[in-house]
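*Asks:* just a sequence and a predicted model for now, questions to come.
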Amino acid sequence: MNRRAQRLSEEIKREISGILRSCVKDPRVTSLLSITQVEVSRDLGYARVYVSMFGNEQEREKAIEGLERAKGFVKRELGKKLKLRSTPEITFLLDDSIEYGSHINQLLKKVMSNEETGKENDAD
């Protein structure tokens, strides 16, 4: 990704976070939602916005529905704030990397506690 696209993706990430926090009133879009990454296409015409959220599968699907519903509003607000010639088309995608990392962390803790228990039994 070129330097301009990187700067734009960071700016989009920051602005959309603010828009979602303060302007979007849809109850499906909760405060537990965070934007983890934004990927902008080479021609700067499209932006993939990766969203992470804690909750069950049903809550996450509803949040994505709420985001899809608010997409036009978010794009319009983004265009006002960024002052670009053309605002990129936004696509919201669910990012489960944080949840996956949490799951791996729990597995590692389990393995570590099993190893400690095994060492204590060996010492006896």
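*Replies:* In hand now; what should we look at?

*Asks:* elements contacting the longest helix along the chain?
*Replies:* Longest helix in the chain by number of residues (criterion: DSSP state H): helix 97-123. With contacts defined as 3 or more Cβ pairs under 8 Å, 6 or more residues apart in numbering; DSSP states H and E, helix 97-123 has these neighbours: strand 46-53. Backbone N, C-alpha and C define where each C-beta goes, glycine included.

*Asks:* what distance separates the next helix or strand after the strand it packs on from the centre of its chain?
*Replies:* The helix or strand immediately downstream of strand 46-53 is helix 57-69, counting by DSSP states H and E. Chain-centre distance of helix 57-69: 12 Å, with Cα atoms, centre = their mean, to the nearest Å.

*Asks:* which outside residues touch helix 57-69?
*Replies:* By Cβ atoms under 8 Å, 6 or more residues apart in numbering, the residues outside helix 57-69 that reach it are 20, 24, 26-30, 33, 51, 53, 55, 74, 92, 94.

*Asks:* so which of those residues sit within strands?
*Replies:* 33, 51, 53, 92, 94 (DSSP state E).

*Asks:* list the contacts of the last one.
*Replies:* Contact analysis of Leu94 by Cβ under 8 Å, 6+ apart lists 50-53, 60, 64.

*Asks:* show me what it is bridged to.
*Replies:* For Leu94, the beta-bridge partners are Val51 (DSSP bridges).
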